[in-house]
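Visitor: coordinates only, no sequence provided:
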């Protein structure tokens, strides 16, 4: 029997999907502190996958992890969106593709 070690955060249905395929898996339910640490690692993992593919599926994965991180820190999707919108209203978005090259004082 071959065992592959992952030690990474996965979506909730992954153990069920693995077992439905005839395999077995070992899981652990994390406490809040370790869960938030693993979400940070997952954000990096998903961001790297997006860098490689630049596809919408990886952007959706990033959103899912961002929503989970927000919830883990006590924020709702709606609160996150409100914060995002307030920043967009005050500071703008990235639609104009502006690259700030320098600022000169005085």
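Guide: Arrived safely, thanks for sending. Note that this is a predicted model, so its numbers are computed, not measured. Residues are numbered from 1 along each chain as shown.
Visitor: look at the residue nearest the centre of the chain and report its pLDDT.
Guide: Centroid-nearest residue in the chain: residue 65, 2.7 Å away (criterion: CA atoms, centre = their mean). With respect to pLDDT, residue 65 has a value of 98.
Visitor: show me what contacts it?
Guide: If a contact means CB atoms under 8 Å, 6 or more residues apart in numbering, then residue 65 has 39, 42-43, 46 as its contacts. Where C-beta positions appear, they are placed from N, C-alpha and C, glycine not excepted.
Visitor: in a markdown table: the residues you listed, plus pLDDT, distance to residue 55 and secondary structure.
Guide: Output for these, formatted as a markdown table (pLDDT from 0 to 100; distance: CB to CB, whole Å; DSSP: H, G, I helix; E, B strand; the rest coil):
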| residue | pLDDT | distance to residue 55 | secondary structure |
| --- | --- | --- | --- |
| 39 | 97 | 22 | helix |
| 42 | 97 | 18 | helix |
| 43 | 97 | 17 | helix |
| 46 | 97 | 12 | helix |
